[in-house]
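> attaching a predicted model along with its sequence, questions to come.
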Amino acid sequence: MICALGSAVCFGTASVLQAVAARATASGTGSGVDPRLLLRVLRQWRYLVGLALDGCGFLLELVALRSLPIYAVGAALAASLAVTAVVAVPLLRVRLSRAEWTAVLVVCGGLALLGLASGAEGTDTGSTALRFGVLAVALAILAWGALAGRLPDRARAAALGLGAGFGFGVVEVAVRLIPGLSPASLVSNPATYALLVGGGAAFLLLTSALQRGSVTAATAGMVIGETLGPALVGVVWLGDRTRAGLAPLGFAGFALAVLGALALARFGEAAEGVGVGVQGVVEAPVTAEASDAAAPANKAGEPATSTRETADPAGRPAPSGLQRGRQDP
C-alpha cells in the first residue's frame, strides 16, 4: 500500500507541473487533441520533471499491482487528485475552502479503511479473450480522443480526462494479464500491446486536456476512468477479494476515496481566471483598476485619465473637465 500511495503522490504532483507546462505551450491545430503537442511541451522543464515523476509513479504502481488487488491500487491512485489540489495551492495560486480540505481528509480516511480491508491480489491471470478485449479497449480510446477533442471547452477537458483514465485503467489491467516477463512471452501476449497503446493514448489525451481546461476537471474524469472499470475487471475476472468478513469495510473505503477525490473537482474552477505566461509563470488577470494605475501621464504632465472615462455608456465622448459633472469654463 505504501507503493500505491507513493505512486499517487508522484502522479498528483506531476499533473500540476504538466498543466503549467502545457498551458505555457502554444496551441497547434484547432482540434482538442494535437499529437505534436507532446513534442512542443518537451521543451518545458516543468513537463520533463512531471514525466520523471510519472515514471517513478508508474514503477511504484507496478510493484503495488503485483501485491494488491486492482481496486485498492485504483483507489490509492484516486488520491492523486487530493495531491493535485494541495500542490495547486502554491503553484496555481488556488485557494481551497474548508469543505475541500475536508474532502482531502475524506480521501485519506477512505484509503485507511481500504488498506485495512484489502486482501492479496487475485491468482487468476485472465483468459486470451480478456487480453484481446483489453487491447480492443486501448485502440478504442484513440477514437474516443478524436471525438472528445471536438467538444466545447468545459466538456472537452472532462471527456479527454475520462479517456486518459480509461487508458491508465488499461495499463492497470494489462499489468495483471502479463504473468511472465520473458521476451517470447511479452511479444506473444496481446496485453503487452494493450499496455503500450493504452499508456501512450492516456498521456496524449491527458496532456491535451490539461492544455485546454481545468487541471482538476481533467483529473476528475481520469479518476473515474482509472478506478471503476479496472476494479470491476479485477473482482469479476481476476479473482480480487477483500479480507474475510471485511468486504463492507473495503467497499466503504473505496467509495469514500473515490467520492472524496471527485468532490475536489470543484476547486479547479477557481483557477480558471488565472492565466499562465509564456514562461509558465502564473499571472493574475489584469483588472481595470490595475490598467488605470499603469496608464502613463500625458505630455502636459497632467494625471493620466482612465480609459473608462473616455466615453459615456452611450459611446459619446466624455466631457473635457476633470470630472464628468463639471464643464470647462
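On my side now, so go ahead. Numbers count the residues shown, from 1 in each chain.

> just the pLDDT for residue 112.
Looking at residue 112, its pLDDT reads 92.

> buried residues in the host helix or strand of it?
Using DSSP states H and E, residue 112 sits in helix 98-117. Within helix 98-117, the residues scored as buried using 16 or more other C-beta atoms under 10 Å are 100, 103, 104, 106, 107, 110, 111, 113, 114, 115, 117. The way it works is simple: take the backbone N, C-alpha and C, and place the C-beta from them, glycine included.

> report the two of these separated the most.
100 and 117 (26.2 Å; C-beta to C-beta).

> rewinding a little: so which elements touch the helix holding residue 112?
In terms of contacts (3 or more C-beta pairs under 8 Å, 6 or more residues apart in numbering; DSSP states H and E), helix 98-117 is packed against helix 70-78, helix 80-91, helix 247-263.

> quick one: average pLDDT of the first one?
Taken as a whole, helix 70-78 has an average pLDDT of 91.

> cool, stretch 141-152 as well?
The model assigns stretch 141-152 a mean pLDDT of 89.

> show me the contact partners of it.
31-33, 156, 159-160, 162-163, 166-167, 170, 197-198, 201-202, 204-205, 208 (C-beta atoms under 8 Å, 6 or more residues apart in numbering).

> can you say which of those are buried?
For those, a neighbour count by 16+ other C-beta under 10 Å gives the buried set as 32-33, 156, 159-160, 162-163, 166-167, 170, 197-198, 201-202, 204-205, 208.

> how many other residues sit next to the spatially closest residue to residue 81 that is not a sequence neighbour?
Leaving aside its chain neighbours, residue 81 sits nearest to residue 261 (4.1 Å; criterion: C-beta to C-beta, 6 or more residues apart in numbering). Using other C-beta atoms under 10 Å, residue 261 is surrounded by 33 other residues.

> with residue 44 instead?
Using other C-beta under 10 Å, residue 44 has 20 neighbouring residues.

> surely it meets residue 21?
Yes: here residue 44 reaches residue 21: they are 3.5 Å apart, a contact under C-beta atoms under 8 Å.

> pLDDT below threshold where in the stretch 1-150 of the chain?
For the stretch 1-150 of the chain, the stretches flagged by pLDDT under 70 are 26-35, 37-38.

> other residues contacting the helix holding residue 112?
Contacts of helix 98-117 (C-beta under 8 Å, 6+ apart): 1, 5, 71-72, 75-76, 78-79, 81-82, 85-86, 96, 242-243, 246-247, 249-250, 252-261, 263-264, 266-267.

> what angle separates that helix from helix 80-91?
If you take axes from the mean of the first three to the mean of the last three C-alpha atoms, to 10 degrees, helix 98-117 sits at 140 degrees to helix 80-91.

> where does the residue most central in space within the chain fall, secondary structure wise?
Against the mean C-alpha coordinate of the chain, by C-alpha atoms, centre = their mean, the closest residue is residue 219 at 2.7 Å. Element membership for residue 219 (DSSP H and E) is helix 215-237.

> do a quick rundown of the helices in this protein.
In the chain, the segments counted as helices under DSSP state H are 2-23, 37-41, 45-65, 70-78, 80-91, 98-117, 128-148, 153-176, 183-188, 190-212, 215-237, 247-263, 288-294.

> first vs last residue of stretch 65-76, how far apart are they?
11 Å (C-alpha to C-alpha, to the nearest Å).

> show me what counts as buried in that stretch.
For stretch 65-76, using 16+ other C-beta under 10 Å, the buried residues are 65, 68, 69, 70, 71, 72, 73, 74, 75, 76.

> circling back: and the residue nearest to residue 81, what does it touch?
Residue 261 neighbours (C-beta under 8 Å, 6+ apart): 78, 79, 80, 81, 82, 103, 107, 220, 223.

> right, and the last one touches residue 166 too?
Meaning residue 223. No: here residue 223 lies out of contact with residue 166, judged by C-beta under 8 Å, at a distance of 11.5 Å.

> how far out from the middle of the chain is stretch 251-261?
With C-alpha atoms, centre = their mean, to the nearest Å as the basis, stretch 251-261 stands 18 Å off its chain's centre.

> make JSON lines out of the helices and strands packed on helix 98-117 and add distance to residue 176.
As requested, the helices and strands packed on helix 98-117 are exported to JSON lines (distance: least, C-beta to C-beta, whole Å):
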{"stretch": "helix 70-78", "distance to residue 176": "7"}
{"stretch": "helix 80-91", "distance to residue 176": "20"}
{"stretch": "helix 247-263", "distance to residue 176": "18"}
